[in-house]
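Engineer: Please work out how this folds:
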Amino acid sequence: MKLLALRSLSALLSIGLMAVASAQSAAWPAKQPLTLIVPFGPGSSPDTLARAVAEEAGKTLQQSIVVQNKPGASGNLGTDAIAKAKPDGYTFGVSITGPLVNNTVIYKNLPYQPATDLTPLTLAVHQYNVLVVPTNSPIKSLPDLVAEMKKPGAKLNFPSTGAGTVSHLAVELLLDRVGGKALHVPYKSSPDAVTSLLSGDTTFAALPPVAVMPMVQDGRLRAIAAVSAKRLAFLPDTPTVAELGYPGVEGSGWIGFVAPAGIPADVKARLNAALTQALASPAVGQRLKTMHMEAAPTSPEAFGQYMTEELQRWSPLIKRLNLAEN
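Structural biologist: The predicted structure is shown next:
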């Protein structure tokens, strides 16, 4: 009899807790503010995007969204903070290719695992790299570049924003595909990489559009191909690597929104709706245009699948290039 009573009490407590959780979820977001963690410093591309989207999404949710910058460790520090946050929907964040995909292969003791510790909310934007050369270069097109890559004793070199970044791996993917050679020269930032091109220290690059488009527009750099499957809206006359004969060679420094694993399904759905609506808004669209970003809102499931595809794309290359920690 006592055992039956205890079981009945336990069942009632479980039902009560579920009811409380359901009520809290239904009331979300009842308290202010929501916190949006950015694993990079103020003024960075993820930060600029996060602030623009937060302003619009806050209107939809009728709550303020406060951006909190947590830079460090190539984005791992802030992404870990997102993963470790309470999964109630009041804390979420943005992150990029490195912390969400590549770093899981590069770093031996990553303090979080995206597949189990984070919930995808939506892909936000693509920043497909642009293959560029200085305007005084004899290389006028991708076929010219490939021909140079394949020459015996090729002397080409290319800058990147660091080993294992998309600006590095996208070129290595192309070299793999064509059977060519070029020396990788890592730099600390996109401006440093662009400066190396303009000074003649490096010969070509695949860099984010925000880094190279001002120089393309003023005539100092020549865009020879978009490292994407579809032509870019801001470079409609520039062919893609895919249409020039190398499908599957893509390189996007994408940004996406994620939350701690375990947030209630209805809260995740409402966050997704608010974020995707913000990304489709004219106000955010104008901001993205100035940064040469292309909005790419998705469902949480589609974003999760895309991250899996990116891991399959980059993991073998990272391992072959011995970029992973021993």
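Engineer: in terms of contact, does Thr161 touch Val185 like I think?
Structural biologist: No: using Cβ atoms under 8 Å, Thr161 is not in contact with Val185, being 11.1 Å away. In short, each C-beta sits where N, CA and C put it, glycine included.
Engineer: the more surrounded of those two?
Structural biologist: Each of Thr161 and Val185 has its neighbours counted (other Cβ atoms under 10 Å); Thr161 has more, 22 against 16.
Engineer: pLDDT value on the more buried one, please?
Structural biologist: Looking at Thr161, its pLDDT reads 91.
Engineer: Let me see the contact set for it.
Structural biologist: Ser167, His168, Pro186, Tyr187, Lys188, Ser189, Ser190, Ala193, Leu207 (Cβ atoms under 8 Å, 6 or more residues apart in numbering).
Engineer: number of nearby residues for the fifth one?
Structural biologist: Okay, so that is Lys188. Using other Cβ under 10 Å, Lys188 is surrounded by 9 other residues.
Engineer: thinking again about what came up before, of the contacts of Thr161, keep whichever come out buried.
Structural biologist: Ser167, His168, Tyr187, Ser190, Ala193, Leu207 (16 or more other Cβ atoms under 10 Å).
Engineer: Taking these, tell me the two that lie furthest apart.
Structural biologist: Spatial extent of those (Cβ to Cβ) is set by the pair His168 and Ser190 at 12.2 Å.
Engineer: which regions of the stretch 201-326 of the chain sit below the pLDDT cut-off?
Structural biologist: Low-confidence segments of the stretch 201-326 of the chain, defined by pLDDT under 70: 326.
Engineer: Quick one: the strands in it, in order.
Structural biologist: 205-207, 221-226, 255-260, 294-295 (DSSP state E, counting those that start in this stretch).
Engineer: Export those as TSV, with columns for distance to Ile82.
Structural biologist: Converted to TSV, the strands of the stretch 201-326 of the chain look like this (distance: least, Cβ to Cβ, whole Å):
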stretch	distance to Ile82
strand 205-207	27
strand 221-226	31
strand 255-260	6
strand 294-295	21
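Engineer: Need the winner for burial among those.
Structural biologist: strand 205-207 (a mean of 30; mean count of other Cβ atoms under 10 Å).
Engineer: Each with direction, which strands does that one pair with?
Structural biologist: Note on strand 205-207: by DSSP bridges, its sheet partners are strand 130-134 (antiparallel).
Engineer: And Asp237, how far from Gly245?
Structural biologist: 18 Å (Cβ to Cβ, to the nearest Å).
Engineer: So these two - more neighbours on which side?
Structural biologist: More crowded of Asp237 and Gly245, by other Cβ under 10 Å: Gly245, with 13 against 6.
Engineer: quick one: Val194 is in a helix?
Structural biologist: Yes: using DSSP: H, G, I helix; E, B strand; the rest coil, the assignment for Val194 is a helix.
Engineer: Skipping adjacent residues, who's closest to it in space?
Structural biologist: Sequence neighbours aside, Ala211 is the residue nearest to Val194 in space, at 5.7 Å (criterion: Cβ to Cβ, 6 or more residues apart in numbering).
Engineer: Out of the contacts of Thr161, name the ones that lie in helices.
Structural biologist: If you go by DSSP state H, the contacts of Thr161 have Ser167, His168, Ser190, Ala193 in helices.
Engineer: and which of the residues you listed is nearest Val67?
Structural biologist: Ser190 (21.8 Å).
Engineer: and the residue lying closest to the closest one once chain neighbours are set aside, how far is that from Ala154?
Structural biologist: Of all residues not flanking Ser190 in the chain, Ala211 sits nearest, at 3.6 Å (Cβ to Cβ, 6+ apart). According to Cβ to Cβ, Ala211 and Ala154 sit 25 Å apart.
Engineer: neighbour count winner among the two?
Structural biologist: Relative neighbour count places Ala211 above the other of Ala211 and Ala154, with 25 against 16, counting by other Cβ under 10 Å.
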